[in-house]
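Undergrad: okay, structure incoming, though there's no sequence with it:
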């Protein structure tokens, strides 16, 4: 049985054996796309076709690498396995029994077939990433001489862009929270920190007292891939945190309380579901309609920094993005601003 709970009845071969238990971490960049991809490719077969086995050992070795060296989630590994098993089956049907036999034209033909069968552009992008990291892995292990996936380009996904709030809308939410009311200081500190530091939901929930430097205004957080970064805490967020820590958190502390910054009324750390509800409730109380969620504040943080002239590389560091391409999605928001500046300052605009 492999790490995903799939029983593999295989003939003997010299490939990797069963995989070690996986760390259970959520590291999905696009959960909806992964769900659509899973529905399209279907689950991995409980009994893999015998024709797949010449290519199976390398797939197993790669999944083991993702689990033990990259620490990626079960769900991500399952998504990768679906892509690679589908490619392997496609290759075997075309008498391509070894990974060495696949070239860039084969990979393009495979992706073209998936597109013609109805796989969406967002899911194709994920499949391209899977192919790129898999073949790069084979080259790094000297299992391939050249990387056939290196020239692959990801398909455009259209206008799948993050939503943002206006500065006035963020201010409206924050100004509507009354710190004198029960849990007002806590909720204000949470929303101020979301917007001031661009934190992820999980980073807010796991933020600890020993990681907070109130004097210098910094917070150390652990993000995706267990990567630690230092983020600044703005003046208003710092004031809200100090008020909460001095006047409200002590009342929430119970004998079992640990050092998480944000606590529930029972003294335990706030969970993601509860924080989502807090954000939605506070936005609704401020009179905002629509779907207001924690990540929207993170998007707004990045967008407003960019609109006010912050360097994209700085925003990448603040957000904890491993790849600048992930951060570049925020440049769309400033298109109108760029046009305005161009019209204002260019002599022939």
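TA: Cool, the structure landed. Nothing here was measured: the structure is a model prediction, and the numbers come from that model.
Undergrad: pull the number of nearby residues for residue 215.
TA: Other residues within reach of residue 215, judged by other CB atoms under 10 Å, total 7. All C-beta spots, glycine's among them, are computed from the backbone N, C-alpha and C.
Undergrad: surely it forms part of a strand?
TA: No - Residue 215 is assigned coil when assessed by DSSP: H, G, I helix; E, B strand; the rest coil, not a strand.
Undergrad: do you know the pLDDT at it?
TA: On the pLDDT scale, residue 215 is placed at 93.
Undergrad: phi first, then psi, for it.
TA: Torsion angles at residue 215 (phi, psi; degrees, to the nearest 10) stand at phi -70, psi -50.
Undergrad: next one: the one 3 residues further on
TA: When quoted as degrees, to the nearest 10, the phi and psi of residue 218 stand at phi -130, psi 150.
Undergrad: if we ignore the residues flanking it in sequence, what's nearest it?
TA: Nearest non-adjacent residue to residue 218, counting by CB to CB, 6 or more residues apart in numbering: residue 230, 5.3 Å away.
Undergrad: how far away is that neighbour from residue 317?
TA: 9 Å (CB to CB, to the nearest Å).
Undergrad: related to what we said a few turns ago, find me the pLDDT at the residue nearest to residue 218, would you?
TA: Per-residue pLDDT puts residue 230 at 93.
Undergrad: so what's it up against?
TA: Contact analysis of residue 230 by CB atoms under 8 Å, 6 or more residues apart in numbering lists 218, 219, 220.
Undergrad: domain-wise, how is this structure divided?
TA: 1-160, 167-343 (automatic domain parsing).
Undergrad: least reliable of those by average pLDDT, please.
TA: Among the domains of the chain, domain 1-160 carries the lowest mean pLDDT, at a mean of 73.
Undergrad: list the beta-bridge partners for the residue nearest to residue 218.
TA: The partner list for residue 230 in beta bridges (DSSP bridges) reads residue 220.
Undergrad: oh, and call the first residue 29 from now on, that's how I've got it
TA: Noted, 29 is the first residue going forward, which turns the last one into residue 258.
Undergrad: straight-line length of stretch 207-216, end to end?
TA: This stretch, stretch 207-216, spans 7 Å end to end (CA to CA, to the nearest Å).
Undergrad: list the buried residues in it.
TA: Applying a neighbour-count criterion of 16 or more other CB atoms under 10 Å, the buried positions in stretch 207-216 are 207, 211, 212, 213, 214, 215, 216.
Undergrad: how close does the residue nearest to residue 246 sit to residue 323?
TA: 21 Å.
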